[in-house]
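> heads up, no residue letters with this:
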């Protein structure tokens, strides 16, 4: 009998310990650090303290000169070969990253590129019982009453604030010039909001480089929604966005690059960029046909291109409207060497 009581006491102690050790998240879909590490495990590089992938600044700087078209085309041809299960109705397919682009946004400034690491927030339409519990837990966690600021409070330098505001179906705007000023001050970067923006002219006055992509502009203030997750997977149009994805937004739309592919996208784009530059000049001079310029280089053209790379490695910037778009001399020389070591195609 004494043994039974001891066993019961032990079980009770274990159960109480499990209850006490279980932490309720203020937002049900926010990722814990362990969950973040698991769901972004293909990224092998540096991370923020909360586990969010931290792609190097150099890669992000170079990504600004990648076109959205190039980025999507590269991702559309990439796949992960391990750990892929069935999709849709159970059929197996080659799992490419084709759903990484979304268009149809309005840009506050069409000439300012938005590029950086995604910090995500997810809003749902307001529901009193759920909102009350989310707010109650948020208060316990030391958060303020304004849920709309929770995702902004934890932004880091270089982040792009990415918000799904009820899939853009509510007209009440999430960000005005006060929050716009805060986002810009904390990140020095832009935002992608699947929703609306108010105080357009106030936001335009924040900084010449502050830019936002939104569904539309509306005068109404934020209302009738609640925060269901911060730094969690979110939907933007038909794209699944993960915290730490690299956001690239231009007039073409926005593409979300998984962190494990960021360097590959940048390097592939830079190779294409200089090859197109060479081909376009040949077309203007009447030396290359359309088919040749569009990827059909002859052996002689390939030799000429490699030599051109080596001759212009140190001054490639002179060929670009923005010299910063030119790949580094080290990258160009490495690319030329790679081409020199390539075996000629079999005829």
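Arrived safely, thanks for sending. Given the structure is predicted, the values throughout are model-derived calculations rather than measurements.

> now the longest strand along the chain, how far from the centre of its chain.
If you go by DSSP state E, the chain has its longest strand at strand 114-125. Distance of strand 114-125 from its chain centroid, counting by C-alpha atoms, centre = their mean, to the nearest Å, is 9 Å.

> Contacts only, for residue 202.
By C-beta atoms under 8 Å, 6 or more residues apart in numbering, the contact set of residue 202 is 176, 177, 180. All C-beta spots, glycine's among them, are computed from the backbone N, C-alpha and C.

> From those, list the buried ones, please.
Buried members of the contacts of residue 202, scored by 16 or more other C-beta atoms under 10 Å, are 176, 177, 180.

> So which of these is the closest to residue 110?
For those, the minimum distance to residue 110 (C-beta to C-beta) is 17.2 Å, reached by residue 180.

> average pLDDT across the helix or strand hosting that closest one?
Here residue 180, judged by DSSP states H and E, is contained in helix 177-187. For helix 177-187, the mean pLDDT works out to 97.

> would CSV of the buried ones among the contacts of residue 202 with distance to residue 46 be doable?
As requested, those are exported to CSV (distance: C-beta to C-beta, whole Å):
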residue, distance to residue 46
176, 34
177, 34
180, 29
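
> Surely residue 76 touches residue 96?
Yes. Judged on C-beta atoms under 8 Å, residue 76 makes contact with residue 96 at a distance of 5.7 Å.

> need the next SSE after the lengthiest helix in the chain, C-terminal direction.
If you go by DSSP state H, the chain has its longest helix at helix 262-284. Next in sequence after helix 262-284, counting helices and strands by DSSP H and E, comes helix 290-293.

> Now tell me what touches the next helix or strand along the chain from that next one from outside.
Scanning forward in sequence from helix 290-293 by DSSP H and E, the next helix or strand is helix 299-311. Under the criterion C-beta under 8 Å, 6+ apart, residues 274-275, 278, 282, 288, 292, 297, 332-333, 335-336, 339-340, 344 lie in contact with helix 299-311.

> Provide a ChimeraX selection command restricted to the buried entries of those residues.
This is the ChimeraX syntax for the buried subset of the contacts of helix 299-311, where burial follows 16+ other C-beta under 10 Å:
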select :274,275,278,282,288,297,332,335,336,339
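
> Check pLDDT for the contacts of helix 299-311 and point me to the minimum.
residue 344 (63).

> got the domain boundaries for this structure?
For the chain, the domain assignment from automatic domain parsing gives the residue ranges 100-257, 263-340.

> closest one to residue 35 among those?
Using C-beta to C-beta, the nearest of these to residue 35 is domain 100-257, at 8.8 Å.

> what's the span of the closest one from first residue to last?
7 Å (C-alpha to C-alpha, to the nearest Å).

> Now do that domain: distance to the chain's middle.
13 Å.

> Quick check: end-to-end length of stretch 105-121?
End-to-end span of stretch 105-121 (C-alpha to C-alpha): 18 Å.

> same deal with stretch 155-164?
OK, stretch 155-164 end separation, C-alpha to C-alpha: 16 Å.

> So for it, what gets flagged as buried?
155, 156, 158, 159, 160, 161, 162, 163, 164.

> again with stretch 286-297
Here stretch 286-297 shows 288, 293, 297 as buried, counting by 16+ other C-beta under 10 Å.

> Please work out which residues outside it touch it.
279, 280, 282, 283, 298, 301, 305.

> Which one of those residues is nearest to residue 123?
Out of the contacts of stretch 286-297, the member with the shortest distance to residue 123 (by C-beta to C-beta) is residue 280, at 44.6 Å.

> Show the pLDDT at that closest one.
In this model, residue 280 carries a pLDDT of 90.

> Make 47 the starting number, not 1.
Okay, using 47 as the starting number, the last item reads as residue 326.

> give me the low-pLDDT residue ranges for the chain?
Scanning the chain for pLDDT under 70 picks out the ranges 47-72, 127-140, 390-393.
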